[in-house]
Every structure is written in C-alpha cells, then in structure tokens.
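Undergrad: coords please:
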Amino acid sequence: MHDENNPLPRRTKTSKLAASEQRRIKLNGKDVAYVLMRCRRKTIGMKIDRDGLTVRIPPRESLCWVESVLQKRADWIVKKLDEWKNRKPSKPEWADGAIFPLLGEPWRVTVTPAGVVQMVPATSNKEAEENQLKLPLTSMLTSQQIEKAVMEWYRHQAVACFSERIAMYANKLGVALPQLRLSRARTLWGSCNSRGIVHLNWRLIQKPLDLVDYVVAHELSHLIEMNHSEAFWRIVGSVYPGYAAARKKLRGVG
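TA: Take a look at the predicted model:
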C-alpha cells in the first residue's frame, strides 16, 4: 500500500535500504529545504505536507537528475508549500456537544450535570452502553479533561475493534496471531514486521470498517510476503477482494 500523500505502511525489510539526507535547492527564486530518501522504488516520488517536501528516489539515481526534476516541478512544489504554510491548523474542540467520528459514524461528547463524560451516537437517541465512556468527576470539566476522556475512549475502541479484525484475518490467511500495538505515526496507517508485530494507527478507528479491514488484511498479508509483489497482492485479494477500491478510498479520506 503506497501513496505519497496518505498514511501508509512502512516495511522493516526495506527500511534498512532507505537513507535520508537534508538538502536545499533554489526553486523559482525561493530557498526550499527538502528531505531526500533513497529506497526501493523505480520512479521519483514527491510528498508535501506539514513537514515540508520529501523526495523519494531509486537507490542509484544521481543528485543532478533529482534537482532537474525538482526544477521542472518548481511551480507545483512552491504552490503546494505555500498552501501548507498558509493553512490554518484544524484543532478538535474538546467540549460538551463536540462531534468525533468512530468507524465513520459521528459520536457526540455529552457531559452530564454530575460531571460524567459520555460518548453517544450523534444520529441516535439511544445510548450504546458498550461504546459509552463514563468518567465521573466532582468539578466542572476542563477541555484537557474532556480530551483525556475522549482519547481513552478512542484507545479502548481501537484495541477492541483492531484485535477482533486481526484475529479474523489471521484465521483467513492461516498465519499466527500477531501482536497489536497502537501507533501515533503521522504518515503511516500501519506497519508489520517479521517478528509478528502489527502497528495500527489509532486514527484508523475513525474510518469506516471497510477501510480498517483493508489495512488489517494488507498488513497481515505481509506476514506471508514482506513486499509489494504481484504475489503479495494476490494474497491480499484472496481475503479482501475489493482491496483496489478500498485502497483508492483510503487515499481519498486522508
């Protein structure tokens, strides 16, 4: 699963080949800093996000070639860097009535007069007891307290959901049940290594279940093929036939 602008799994097997260095280049009269990474790929890839410009290239490509490509894409690069620079960060509102997604559905923060935080479906009047978070407090809640409560709720939901889906796909693939660890990575949805440890980004619990399943199926398939070969994708397709559509959808949701 590889996409230059969305969180994606990184392989332990290939990470040893990756080498990065900080470089600078003049583009349209502007001094632009970028990270140059050499890794397993056949073409150049560019990613621009809040961290700036990252350029990924095949192991043996020359710096002269890289800079010539950057000069050709100078207008696009400078434009995108300026867009990120001017973008106002979107911060969640940690308050009573705030809406947070769970598996693609909206859930509302509800604080009772007694100081109890509850997460309830925003589209239903019925409270799902198994998905509620209740935290009794004796005084008025601060935004930090609500944030802590919501994040604990997310952690609980993520562990429960991811564990269930991992067990299901491990059985389908006939592999040993791997260890689950939650990740806070900024640029990866998940990763898997040869020691049988799967890291899944906690933010994945906010996405619809079909996307959770795709990432889980993808990562567990690496327990059989630690690469992105045709054989690997056949394995993914054997347990998740709609992986191509899910992959495209995951790229779109960001």
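Undergrad: Which helix or strand contains the residue lying closest to residue 213 once chain neighbours are set aside?
TA: With C-beta to C-beta, 6 or more residues apart in numbering as the criterion, residue 213 has its nearest non-adjacent residue at 5.9 Å, and that residue is residue 165. In this view, the C-beta of every residue, glycine as well, is placed from N, C-alpha and C. Following DSSP states H and E, one finds residue 165 within helix 143-173.
Undergrad: Tell me, how many residues neighbour residue 240?
TA: Residue 240 has 22 neighbours, counted by other C-beta atoms under 10 Å.
Undergrad: same deal with residue 169?
TA: Residue neighbour count, defined by other C-beta under 10 Å, stands at 20 for residue 169.
Undergrad: wait, it sits on residue 239?
TA: Yes: counting by C-beta atoms under 8 Å, residue 239 is a contact partner of residue 169 at 5.9 Å.
Undergrad: Can you name every helix or strand that the following helix or strand past the helix holding residue 165 contacts?
TA: Following helix 143-173 in sequence order, the next helix or strand is strand 179-183 (DSSP H and E). Helices and strands touching strand 179-183, by 3 or more C-beta pairs under 8 Å, 6 or more residues apart in numbering; DSSP states H and E, are helix 143-173, strand 197-201.
Undergrad: Nearest to residue 77 among these would be which one?
TA: strand 197-201 (26.9 Å; C-beta to C-beta).
Undergrad: so how far is the closest one off the chain centroid?
TA: Here strand 197-201 is found 10 Å from its chain centre; the criterion is C-alpha atoms, centre = their mean, to the nearest Å.
Undergrad: Let me see the mean pLDDT of the next helix or strand after it.
TA: Proceeding N to C from strand 197-201, the next assigned helix or strand is helix 209-221, under DSSP H and E. The average pLDDT for helix 209-221 rounds to 96.
Undergrad: for helix 209-221, packing partners?
TA: helix 143-173, strand 190-192, strand 197-201, helix 230-239, helix 243-253.
Undergrad: As CSV, the ones you listed with distance to residue 123 would be great.
TA: Shown next, in CSV, are the helices and strands packed on helix 209-221 (distance: least, C-beta to C-beta, whole Å):
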stretch, distance to residue 123
helix 143-173, 17
strand 190-192, 28
strand 197-201, 25
helix 230-239, 31
helix 243-253, 19
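Undergrad: Name the nearest residue to residue 111, ignoring sequence neighbours.
TA: residue 96 (4.2 Å).
Undergrad: And the residue nearest to the spatial centre of the chain, how far from residue 116?
TA: With distances taken as C-alpha atoms, centre = their mean, residue 189 lies nearest the centre of the chain, 2.9 Å away. For residue 189, the distance to residue 116 equals 33 Å [C-beta to C-beta, to the nearest Å].
Undergrad: same thing with residue 81?
TA: 46 Å.
Undergrad: Between these two, point out the one with more neighbours.
TA: Neighbours per residue (other C-beta under 10 Å) separate residue 81 from residue 116, with residue 81 holding more: 19 against 16.
Undergrad: State the three-state secondary structure for the more buried one.
TA: Three-state assignment for residue 81 (DSSP: H, G, I helix; E, B strand; the rest coil): helix.
Undergrad: The closest residue to it other than its chain neighbours pairs with what?
TA: In space, and not counting its chain neighbours, residue 81 is closest to residue 48: 6.1 Å by C-beta to C-beta, 6+ apart. Here residue 48 sits in beta bridges with residue 53, going by DSSP bridges.
Undergrad: quick one: pLDDT of residue 48?
TA: At residue 48, pLDDT is 88.
Undergrad: count of residues packed around it?
TA: Quick note: residue 48 (other C-beta under 10 Å) scores 19 neighbours.
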